[in-house]
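S.K.: here you go, sequence then predicted model.
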Amino acid sequence: MPRLIAFRIAQAIPVMFVVAVLTFLLMHMLPGDPATLIAGDMADQDAIAQVRRDLGLDRPVLAQLWLWITNLAQGDFGKSLMLNQPVAEAVWERLPVTLSLALVAFVITIPVGIVLGVVAAVWRDTWVDSAVMFLALIGVSVPNFWIAILSVILFSVTLGWLPSSGYVPMGTDFWRWLASLIQPATVLALFQIGYLARMTRSAMLDVLDQDYIRTARAKGVSPRKTILKHAFRNTLMQVVTVSGYILSLLIGGSVVIEQIFAMPGIGRLLVQAIMARDYPVVQGTMLMLGFAFVFINIVIDLIYAYVDPRVRYD
Amino acid sequence: MTDATVPPAAARAPLSPGAARRRILMRRLWRHRSFRLGAVILLVIVLMALAAPLLSNGEPTKMNLRARFAPPSADFIFGADNFGRDIFTRVLYGARISLWIGFASAMLAAAGGALVGLASAWYRRLDGVIMRIMDALLAFPAILLAIGINAALGPQVSSVIIALAAAYVPRMARIVRAAALVVRELDYVDAARVSGASAGRIIFRHILPNCLAPLIVSLTFVFAYAILAEAALSFLGIGPPPPQPSWGNIIAEGRDYSVEAWWIMLFPGLAISLAALGTNLLGDGLRDVLDPRLKIEA
């Protein structure tokens, strides 16, 4: 295991390097002159030139890239223009919001998606299967921001059961934290639940067709045990494989959901930064999320190797 | 008597093997219930989008202050918005933009993904570099990558297409690469190489056609994602700019009035859901018939 961990981390370094270069190039394509933007409307030519020199924008692209990478290596992600604060700090402050939202949604997605998929597979080609798969199809077809608006009209405006916006930190009050998250997280989870249910069903059907399931049934193992122990355990491998993708979808989806529920998370920061042309924040946010996913993928690979001892990387 | 009952199929002109195969495939697809339902739903939506000038008042941006917030009625079957614009007309014209963005970005992603995947599978020395770049792109959630690229290119239809295509290229490339790696080891590829076919000919005439099944299936699902993603981008205000209607920006504009004038945001949302539903059904059918081994869409 330690060798595997070392190997995966070594493999991740070039990917992280490419992530950094890509983000740099992306922001280099941004329209407008950042120096003019940073210096502000009142600045004269000298002031703009000064800012340009300070930021190294007058140097060749490769030199700028080098500066950007070396700064990153020292933990310097740049400075926000609109917030007057380092990007890393701005992202760090908002991280708990996005993380809470994504994790609560993840905790809802995994059991619900798996149970729906298994139920559909076990009762395949019956009305149960059709009904569950129809719901799953709706889940992957309906835009989540639209459902969010409808949900707010129903649960917040009409019934008044749940808050329509805002976020309460967990440290303030656990129950109010949960109450502020339950609606956005459920709406956010719908697509992923549908996706996971569809995937679990087809993986489960695959396993149920295997010879060892027939053997188990033939030798008189109870149907319950056949499904839970023989079939489901092997299906679980596939679920681990896609869990990283699901988390990635959740973080991506949270950008829109945070906007609707006015939650001060990373997604909202990103959209505000785009509107304000605060390019260091756009760059830094993208980069930190990219790094986070490289890390998440390593963890998932390791879980995979742990769950299935046959998996070994050379 | 036996002579008289010649099966009608035999009476037809003999088909080339390719055409016969295609015909069998079409018949199997059409017999698939989800495919049929999905195809009909999509066809109706596409036809309505094409016939928008005939079906509606033809002026999606025309304001009519006397009709402000008119609820659905005989005159305005989907109601009117805060500028008195007819929602039905806007949804039909919005379909043109939303479907075009979905279609163009899915096609572009497929073409890009095919090129990258084939290059990676054929030129093994490039594989490492190409796949590291694809891994890096995959590290970003697709919608985030699209937001970032779109922010760099500015809010236009073309940049939404490029952004969404770029976001889905890595997924397509992986699928094509995996298929091409299997195909390139087959005997007939060796045979083509031995008989002196050029690399380009082998890649495009011999390998690509046998990677098409998974490509077409994921193309369909990417089309569905792209419709949803375009709507999300427009909703965030970084899609095609108003007053030109797209399904996403009609919802964004109607959001402030979602309680009193629910019809503004309800109908475009239904249109998006229906288009994505139809596409997903179509994709399910294509997957079952073309590539039953494929588990996960895109």
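M.R.: Great, that's in hand.
S.K.: is chain B contacted by stretch A:88-100?
M.R.: No - Stretch A:88-100 stays clear of chain B (Cβ under 8 Å from any Cβ of the partner chain), getting no nearer than 11.5 Å. In short, each C-beta sits where N, CA and C put it, glycine included.
S.K.: quick check: buried residues in that stretch?
M.R.: A:Ala88, A:Ala90, A:Val91, A:Arg94, A:Pro96, A:Val97, A:Thr98, A:Ser100 (16 or more other Cβ atoms under 10 Å in any protein chain shown).
S.K.: now do the contacts for residue 156.
M.R.: Using chain A here. By Cβ atoms under 8 Å, 6 or more residues apart in numbering or on different chains, the contact set of A:Ser156 is A:Leu162, A:Pro163, A:Ser164, A:Gln183.
S.K.: the intended chain is chain B.
M.R.: Contacts of B:Gln156 by Cβ under 8 Å, 6+ apart are B:Pro240, B:Pro241.
S.K.: circling back: can I get the buried residues of stretch A:88-100 in CSV including pLDDT and secondary structure?
M.R.: Converted to CSV, these look like this (pLDDT from 0 to 100; DSSP: H, G, I helix; E, B strand; the rest coil):
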residue, pLDDT, secondary structure
A:Ala88, 86, helix
A:Ala90, 88, helix
A:Val91, 88, helix
A:Arg94, 88, helix
A:Pro96, 88, helix
A:Val97, 90, helix
A:Thr98, 90, helix
A:Ser100, 89, helix
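S.K.: for these, which one is nearest A:Leu26?
M.R.: Of all the buried residues of stretch A:88-100, A:Val91 has the smallest distance to A:Leu26: 16.9 Å, by Cβ to Cβ.
S.K.: name the SS class of A:Asp58, please.
M.R.: Three-state assignment for A:Asp58 (DSSP: H, G, I helix; E, B strand; the rest coil): coil.
S.K.: the stretch 151-298 of chain B: helices as residue ranges?
M.R.: B:157-183, B:187-194, B:199-201, B:212-235, B:247-254, B:263-290 (DSSP state H, counting those that start in this stretch).
S.K.: among those, which comes closest to B:Leu108?
M.R.: Of these, the one closest to B:Leu108 (Cβ to Cβ) turns out to be helix B:157-183, at 3.7 Å.
S.K.: is any residue of that closest one near chain A?
M.R.: No - judged by Cβ under 8 Å from any Cβ, helix B:157-183 stays clear of chain A, getting no closer than 9.6 Å.
S.K.: rewinding a little: can you tell me which of the buried residues of stretch A:88-100 is closest to chain B?
M.R.: A:Thr98 (11.5 Å; Cβ to the nearest Cβ).
S.K.: dump the helices of the stretch 151-298 of chain B into CSV; add mean neighbour count and mean pLDDT as well.
M.R.: Conversion of the helices of the stretch 151-298 of chain B to CSV gives the following (neighbours: other Cβ atoms under 10 Å in any protein chain shown; pLDDT from 0 to 100):
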stretch, mean neighbour count, mean pLDDT
helix B:157-183, 23, 88
helix B:187-194, 13, 84
helix B:199-201, 10, 83
helix B:212-235, 26, 88
helix B:247-254, 27, 85
helix B:263-290, 23, 87
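S.K.: would TSV of those with distance to B:Arg96 be doable?
M.R.: Output for the helices of the stretch 151-298 of chain B, formatted as TSV (distance: least, Cβ to Cβ, whole Å):
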stretch	distance to B:Arg96
helix B:157-183	10
helix B:187-194	42
helix B:199-201	37
helix B:212-235	12
helix B:247-254	10
helix B:263-290	12
